[in-house]
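1. for reference, the sequence and a predicted model appear below.
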Amino acid sequence: MSTSNRAPRHVWTREDEGTLVECLMELVSMGGWKSDNGTFRPGYLAQLVRMMAEKLPGCQVRATTVIDCRIKTLKRTFQAIAEMRGPACSGFEWNDEEKCIVAEKELFNNWVRSHPAAKGLLNKPFPYYDELTYVFGRDRATGRFAETFADVGSNEPGGGYDRFDMGDGNEDFPSVYSQGVDISQDDVRASRPSRASEGRTGSSGSKRKRGSQRDFELEAIHLALDQTNEQLRQIAEWPARNLANDNHVRTEFFRILREMPELTSLDRALLQRHLLSRMDDLRGFVLMPEDERERFCRVLLRDIER
């Protein structure tokens, strides 16, 4: 009796699939996970496993191969529908309320003969079409949402969703001239007494005078360089500190959206697309009182969809 080493097939629930689509949108909106050519970077499947486990306690989707297979299925269905909705096709319509393709059965059957990926999609609801437009690209049928999340400014992949102490984003940029190089002889002697004393050990008064002056000039240069190096170090560290703070803001933004049950997955996608490239607006949203956020989101969504 032979045994199979193949892992048991995962039966996807509606909740599993919806969570996967939500994680895909969030992954793309984070930035840094999608290449310029539209493909995902290595490690994205493992990241999706972690995100699904966090969003859906008790989730049984733990294998990257299971997620990869489901993504390919979703993409194949999305592309088949997009092609039928495209300008090159006639006779197909999209029922936006039921989220399905409608057409004459004979027309559809003729189409399936040359487009087998469309088999079974007539009148079959596919609720994730709008959301997957953001994940996989432009909606070729209507031209809506031409800009995907991959077009938004690239951001570093975020981490968890813990709270943080957030600055106001107005950190002073250190000036290279803030301390200046106005150095007195006392400053030099105090900073490097050993070198200053060496100039006083010459064999004659004139040599001692010339040596002291030369030593002073050298010490002044050394001290100026030390001060400049310190300022350059602060300048080099400033962008890193600022970037770290921006990543904290993005992480908190994702957490807040996830905890607003009145928003749909598409609502969250639209808000992410709009705000992630506007750090000042994003920071303002995070700092906004909780009871004002829903009203703000509704106004913003209304403006976006015009």
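-> Right, received. Where do you want to start?

2. report the buried residues of stretch 16-31.
-> 16-31 (16 or more other C-beta atoms under 10 Å). Yep, even glycine has a C-beta here, placed from its N, CA and C like the rest.

3. what about those residues, which are in helices?
-> Of the buried residues of stretch 16-31, the ones assigned to helices by DSSP state H are 16-30.

4. ok, so of those, who is nearest G120?
-> Comparing these against G120 with C-beta to C-beta places E17 closest, at 16.3 Å.

5. so what's that closest one up against?
-> Going by C-beta atoms under 8 Å, 6 or more residues apart in numbering, E17 touches 70, 74, 128.

6. what about the stretch 1-150 of the chain, any weak spots by pLDDT?
-> 1-8, 138-150 (pLDDT under 70).

7. re the thing from before, which of the contacts of E17 fall in helices?
-> Those of these lying in helices (DSSP H): 70, 74.

8. same list, the contacts of E17, but as JSON lines with neighbour count and distance to F92 please.
-> Below are the contacts of E17 laid out as JSON lines (neighbours: other C-beta atoms under 10 Å; distance: C-beta to C-beta, whole Å):
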{"residue": "R70", "neighbour count": "18", "distance to F92": "25"}
{"residue": "L74", "neighbour count": "21", "distance to F92": "20"}
{"residue": "Y128", "neighbour count": "22", "distance to F92": "19"}
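
9. now, which of the contacts of E17 sits nearest K119?
-> Of these, the one sitting nearest to K119 (C-beta to C-beta) turns out to be L74, at 15.8 Å.

10. quick check: chain neighbours aside, which residue is closest to the closest one?
-> Spatially, and ignoring its direct neighbours in sequence, L74 is nearest to L132 (6.3 Å; C-beta to C-beta, 6 or more residues apart in numbering).

11. quick one, what contacts the one you found?
-> Neighbours of L132 in contact, by C-beta under 8 Å, 6+ apart: 21, 24, 74-75, 78.
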